[in-house]
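A.B. asks: Show me how the following folds:
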Amino acid sequence: MDQERLQAHRWVNGLQSALLVATLAALLGLLAWIIGGGLLAVLALAMVTGLFLANPAASPRLVTLLYPGRLLHPSEAPQQYALVRELARRAGLPEVPQLYYIPSSVMNAFATGDRDDALVAVSDGLLRRLDLREQAGVLAHEISHVANGDLAVMAFADLVSRVAGVFGLLGQILFLLSLPAALLTGADMPWLALLILLAAPTVSALVQLALSRNREYEADLAAAELTGDPAGLASALDKLERYQGRYWEQIFMPGRGVPEPSLLRTHPDTADRVRRLMTLVPRSPQPALDQAGPAARRPPPAEPLPPRWRPPGLWY
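C.D. replies: From the prediction side, this is the model:
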């Protein structure tokens, strides 16, 4: 891979993440200062930091409650577990993440937990539609989130955003209650502070989304470094983009879906992610990992759980 480009991307991403987190913290401190002065600002930042340190990431056990499925035994997915073990070793994780199987045709994968206890969930649709080289890229992306501490960073950003939203709502209520008295007495209203309180929830949400997109870029770069094969992840992202639309939209309106504004995305534009990854492709591409040789391209058969009745209908 082009190590100079990789390091340049990493430096820019790290700087952007630091600035975004600092912006969220500054916004929270400003809101607390407007409402209750300097002491409340210090207390709010201390409280959020303490909660972050006490519970940096959601427990992997929570996934088993939110996403019906089951843990995969290494004997059921030997190739995938071989990839996960090698990727965890390269990422320096003290424990190998577990694989959790979700019986859904939607192509999806995500990670939860921390470096000592992580879980990577993969859907049936992803296992069936991606070959092993592409799966290696996706698994490396999710393991990179764990190794980089992205789950804790995003949990912190979410917590700050929620507290900022509460402070913003509280400030608006206080201003509405004091508005009649100000109109009767002719006292000046702090319109700038009111404007900050009104805009705070929206600004914090936009900053949180920008931070999420930035961490996705960083996870892509880290995955490319772990596998040595940025083209494998790029191919997986391209497939995910093509399959994520609705079936009838793919047939009758390919590529004509309503575009989502870039500021409201949790993930960067797929074309931009693929472009960044392809700039790292070496002149003589190498296979994703030693375990992903020519004879191991087809994903192993995945036995889906039987469909179950849910309020909307059958759930696969």
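A.B. asks: for Val281, helix, strand, or coil?
C.D. replies: With DSSP: H, G, I helix; E, B strand; the rest coil as the basis, Val281 sits in coil.
A.B. asks: my guess is it meets Gly228, correct?
C.D. replies: No. Under the contact definition of Cβ atoms under 8 Å, Val281 does not touch Gly228, with a separation of 10.5 Å. In short, each C-beta sits where N, CA and C put it, glycine included.
A.B. asks: What's the local residue count around Pro227?
C.D. replies: Pro isn't right for residue 227; it's Thr. Other residues lying near Thr227 total 27 when counted by other Cβ atoms under 10 Å.
A.B. asks: isn't it right up against Gln135?
C.D. replies: No. Contact between Thr227 and Gln135 fails when scored by Cβ under 8 Å: they sit 10.6 Å apart.
A.B. asks: Next, Ser104: secondary structure please.
C.D. replies: Note that with three-state DSSP, the state of Ser104 is coil.
A.B. asks: Check the one 3 residues further on too.
C.D. replies: Assigned with three-state DSSP, Met107 falls in the coil class.
A.B. asks: what's the spacing between it and Ala25?
C.D. replies: When distances are taken as Cβ to Cβ, to the nearest Å, Met107 and Ala25 turn out to be 35 Å apart.
A.B. asks: Look at those two and report which has more neighbours.
C.D. replies: Between Met107 and Ala25, counting by other Cβ under 10 Å, Met107 is the more crowded of the two (22 against 18).
A.B. asks: Surely that one and Tyr243 touch.
C.D. replies: Yes. The pair formed by Met107 and Tyr243 meets the contact definition of Cβ under 8 Å, at 5.3 Å.
A.B. asks: what is in contact with the two at once?
C.D. replies: Between them, Met107 and Tyr243 share the neighbouring residues 125, 129, with contact defined by Cβ atoms under 8 Å, 6 or more residues apart in numbering.
A.B. asks: Report how many residues lie close to the nearest residue to Val96 once chain neighbours are set aside.
C.D. replies: The shortest distance from Val96 to any residue that is not its chain neighbour, by Cβ to Cβ, 6 or more residues apart in numbering, is 4.6 Å, and that residue is Ala88. A count of nearby residues for Ala88, using other Cβ under 10 Å, gives 22.
A.B. asks: quick one: buried residues of the host helix or strand of Ala88?
C.D. replies: Following DSSP states H and E, the helix or strand that holds Ala88 is helix 78-91. Along helix 78-91, the positions that meet the burial threshold by neighbour count (16 or more other Cβ atoms under 10 Å) are 79-84, 86-88, 90-91.
A.B. asks: would you list those residues in TSV and tack on distance to Ser204 and pLDDT?
C.D. replies: Converted to TSV, the buried residues of helix 78-91 look like this (distance: Cβ to Cβ, whole Å; pLDDT from 0 to 100):
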residue	distance to Ser204	pLDDT
Gln79	42	92
Gln80	38	93
Tyr81	40	93
Ala82	42	93
Leu83	37	93
Val84	35	94
Glu86	39	94
Leu87	34	94
Ala88	34	93
Arg90	35	92
Ala91	31	90
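A.B. asks: per-residue confidence at the residue of the chain most remote from its centre?
C.D. replies: Ranking residues of the chain by C-alpha distance from their mean position (Cα atoms, centre = their mean) puts Thr185 at the top, at 50.4 Å. Confidence per residue is given as pLDDT, and for Thr185 that number is 75.
A.B. asks: same question, the one 4 residues further on
C.D. replies: According to the model's per-residue confidence, Met189 sits at a pLDDT of 69.
A.B. asks: same question, Arg310
C.D. replies: We note a pLDDT of 45 for Arg310 in this prediction.
A.B. asks: how about stretch 238-245: buried residues?
C.D. replies: For stretch 238-245, burial by neighbour count (16+ other Cβ under 10 Å) applies to 239-240, 243.
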